[in-house]
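Undergrad: Structure, please.
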Amino acid sequence: MLALAIFVATLVLVIWQPRGLGIGWSALAGAAVALATGVVGWGDVGTVWEIVWDATFTFVALIVISLVLDEAGFFAWAALHVARWGGGNGRRLFPLVVLLGAAIAAVFANDGAALLLTPIVLAILLRLDFPPAGALAFVVACGFVADTTSLPLAVSNLVNIVTANFFDVSFGRYAAVMVPVNLVSMAATLLVLWTYFRNDIPATYDVRQLEAPGSAIRDSAVFQTAFPLLGLLLVAYFVTGPLGVPIAFVTGAAALVLLAVAGRWFSGGRGAVVDLARVLRGAPWQIVLFSIGMYLVVYGLGNAGLTDIAANVLRWLSEQGTFIATVGTGFVVAALASVMNNMPATLVGALAIDRVDVAPLTRELMVYANVVGNDLGPKLTPIGSLATLLWLHVLAGKGQRITWGQYMRVGLVLTPPVLLATLVALWVWLPLVSSP
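TA: Predicted coordinates for the structure are as follows:
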């Protein structure tokens with residue numbers, strides 16, 4: 001009960017953020033109480049740090065890259081191109097925006113897709129005089145697709161990195177399994193979004209009101225560096241993965257290169273356009289504190305018996321065959337993520353799977369189902385992920401307020417079918433890619 005009380009109090013502080021209290025400080029406070037009361041021991045700190053450090057710093061580096069590119073106009077340029085490709089047809093533009101969100105989520109992680117793309121798309125919609133219902137459809141699509149298509153690469157979501165590191169899954173192996181599964185998730189996402197919002201999407205819009213995409217570029221040097229750097233980064237992930245090089249080192253190196261270009265470090269800063277100080281202030285440093293603090297609190301819950309309960313549930317599911325094990329694991333962790341946040345739920349799921357003695361194929365299916373459930377499950381409720389909470393806050397600041405009730409009415413309708421389709425795709429595909 002003490003471990004549960006500490007977790008609930010910590011989660012409330014993280015969500016509420018009284019007087020602007022950072023999520024990292026709230027999580028650290030919960031960890032301090034857990035240590036002081038003996039819910040966790042000092043030895044657990046090292047264990048948790050080993051689990052989270054690579055994923056956390058990889059995530060920070062990816063967001064730094066995203067922020068630099070955003071300051072340089074990269075995402076606005078892409079969004080304007082997509083708006084022009086729509087050719088004045090709103091029903092063509094909608095799937096194009098969803099595909100753009102999926103591409104950004106794959107490379108720049110779900111948070112980058114939700115928090116950077118949404119304001120840009122909203123600004124374009126306002127420029128095009130979209131009605132409120134039509135604008136809401138596109139905005140919700142941006143937020144929804146950011147998570148549901150954050151499966152393909154280990155770096156596409158913090159959940160993915162934590163899981164891949166915990167179970168020692170290589171970057172290449174992860175991609176071989178999840179890229180095809182992500183395509184199914186993307187198709188299902190587009191289908192449910194279109195079905196839900198089809199009557200709200202404007203039939204036409206005036207392309208002439210759009211600026212030329214090139215006008216969005218504020219720093220040509222950063223823009224010209226972006227594509228080759230991202231290409232090299234992707235290759236580096238595949239090359240360095242088998243060598244055991246932490247993903248954080250590779251991503252951090254790419255972030256430093258981009259910072260050097262943006263800051264014109266090789267010319268004494270002359271001609272710099274991007275405000276690097278603002279970029280670094282905007283980086284999610286609080287997530288470092290949050291990861292170690294919240295995971296310690298959750299580790300305490302595990303010590304108190306939550307991991308054993310979860311392991312017993314997963315053990316029963318595994319005895320029902322691979323289909324039930326896959327779909328059941330995904331829905332169980334999705335439900336858990338929707339009420340306790342997906343980062344704690346990821347650790348609970350991973351620890352539980354690690355304790356279940358099952359056949360290798362069933363175990364691997366459950367590992368990836370844990371990823372799917374924790375990537376997609378948070379869309380059920382606003383508290384399911386920090387990205388969603390921040391996304392809602394950003395929208396409110398732009399005058400597009402979405403209440404928790406409005407969000408859940410959409411999330412509860414759209415999420416289950418996408419989650420089911422994705423888990424079934426995983427169940428079908430993984431045995432094929434695992435065949436000798």
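
Undergrad: For the rest of this, base every contact and every neighbour count on C-alpha atoms.
TA: Noted.

Undergrad: What sits closest to residue 93 if chain neighbours are left out?
TA: With CA to CA, 6 or more residues apart in numbering as the criterion, residue 93 has its nearest non-adjacent residue at 4.4 Å, and that residue is residue 86.

Undergrad: State the distance from residue 222 to residue 272.
TA: 10 Å (CA to CA, to the nearest Å).

Undergrad: higher neighbour count, those two?
TA: residue 222 (27 against 18; other CA atoms under 10 Å).

Undergrad: my read: that one touches residue 73, true?
TA: No. Assessed by CA atoms under 8 Å, residue 222 is found out of contact with residue 73, at 9.2 Å.

Undergrad: Please report how far residue 214 lies from residue 83.
TA: From residue 214 to residue 83 the distance is 13 Å (CA to CA).

Undergrad: more crowded one of these two?
TA: Counted by other CA under 10 Å, residue 214 and residue 83 do not tie: residue 83 has more neighbours, with 26 against 15.

Undergrad: Give the next helix or strand downstream of whichever helix or strand the more buried one is part of.
TA: For residue 83, the enclosing helix or strand under DSSP states H and E is helix 74-85. Using DSSP H and E, the next helix or strand after helix 74-85 towards the C-terminus is helix 90-112.

Undergrad: what angle sits between that next one and helix 74-85?
TA: 170 degrees (axes from the mean of the first three to the mean of the last three CA atoms, to 10 degrees).

Undergrad: Could you pull out the buried residues of the following helix or strand past helix 90-112?
TA: Note on helix 90-112: by DSSP H and E, the next helix or strand toward the C-terminus is helix 118-127. Under the neighbour-count criterion of 16 or more other CA atoms under 10 Å, helix 118-127 has 118-122, 124-125 buried.

Undergrad: quick one: helix 118-127 to helix 74-85, angle?
TA: Compare the direction of helix 118-127 with that of helix 74-85 by the same axes, to 10 degrees and you get 40 degrees.

Undergrad: who's in contact with helix 118-127?
TA: Applying CA atoms under 8 Å, 6 or more residues apart in numbering, the contact partners of helix 118-127 are 75-76, 79-80, 135, 138-139, 142-143, 209-210, 394-395, 398.

Undergrad: Once you drop chain neighbours, what's closest to residue 214?
TA: Distances taken as CA to CA, 6+ apart put residue 77 closest to residue 214, at 6.5 Å, once the chain neighbours are dropped.

Undergrad: Check that neighbour and give its pLDDT.
TA: Residue 77 carries a pLDDT score of 91 in this model.

Undergrad: can you pull the contacts of the nearest residue to residue 94 once chain neighbours are set aside?
TA: Spatial nearest neighbour of residue 94, chain neighbours left out: residue 138 (6.8 Å); criterion: CA to CA, 6+ apart. Residue 138 makes contacts with 94, 97, 121-122, as judged by CA under 8 Å, 6+ apart.

Undergrad: name the element residue 138 belongs to?
TA: Counting by DSSP H and E, residue 138 is found in helix 132-148.

Undergrad: For the stretch 151-300 of the chain, which segments are assigned as helices?
TA: Ranges of helices in the stretch 151-300 of the chain, per DSSP state H, counting those that start in this stretch, are 158-166, 171-197, 220-240, 247-262, 276-282, 286-303.

Undergrad: nearest to residue 37, of those?
TA: Of all those, helix 286-303 sits nearest to residue 37, with 10.4 Å by CA to CA.

Undergrad: and the closest one, which residues are buried?
TA: Across helix 286-303, burial judged by 16+ other CA under 10 Å covers 287-302.

Undergrad: now stretch 346-353
TA: The neighbour-count check on stretch 346-353 (16+ other CA under 10 Å) flags 346-353 as buried.

Undergrad: Closest to residue 407 out of these?
TA: Residue 407 lies nearest to residue 346 out of those, by CA to CA, at 22.7 Å.

Undergrad: Roughly how far does the closest one sit from residue 159?
TA: From residue 346 across to residue 159, the span is 6 Å (CA to CA).

Undergrad: What residue, apart from its backbone neighbours, is nearest residue 39 spatially?
TA: Closest residue to residue 39 apart from its sequence neighbours, by CA to CA, 6+ apart: residue 300 at 5.2 Å.

Undergrad: okay, that neighbour: pLDDT?
TA: Residue 300 carries a pLDDT value of 83.

Undergrad: cool, residue 206 as well?
TA: Per-residue pLDDT puts residue 206 at 87.

Undergrad: Then residue 418?
TA: As predicted, residue 418 sits at a pLDDT of 95.

Undergrad: likewise residue 436?
TA: Predicted confidence (pLDDT) for residue 436: 52.

Undergrad: Mind pulling up the pLDDT for the closest residue to residue 290 other than its chain neighbours?
TA: Spatial nearest neighbour of residue 290, excluding adjacent residues (CA to CA, 6+ apart): residue 24 at 4.0 Å. Residue 24 carries a pLDDT value of 79.

Undergrad: Might you report the residue contacts of residue 24?
TA: Residue 24 neighbours (CA under 8 Å, 6+ apart): 14, 286-291, 293.

Undergrad: what do you get if the cut-off is 7 Å, keeping everything else the same?
TA: Residue 24 sits next to 286-287, 289-290 when contact means CA atoms under 7 Å, 6 or more residues apart in numbering.
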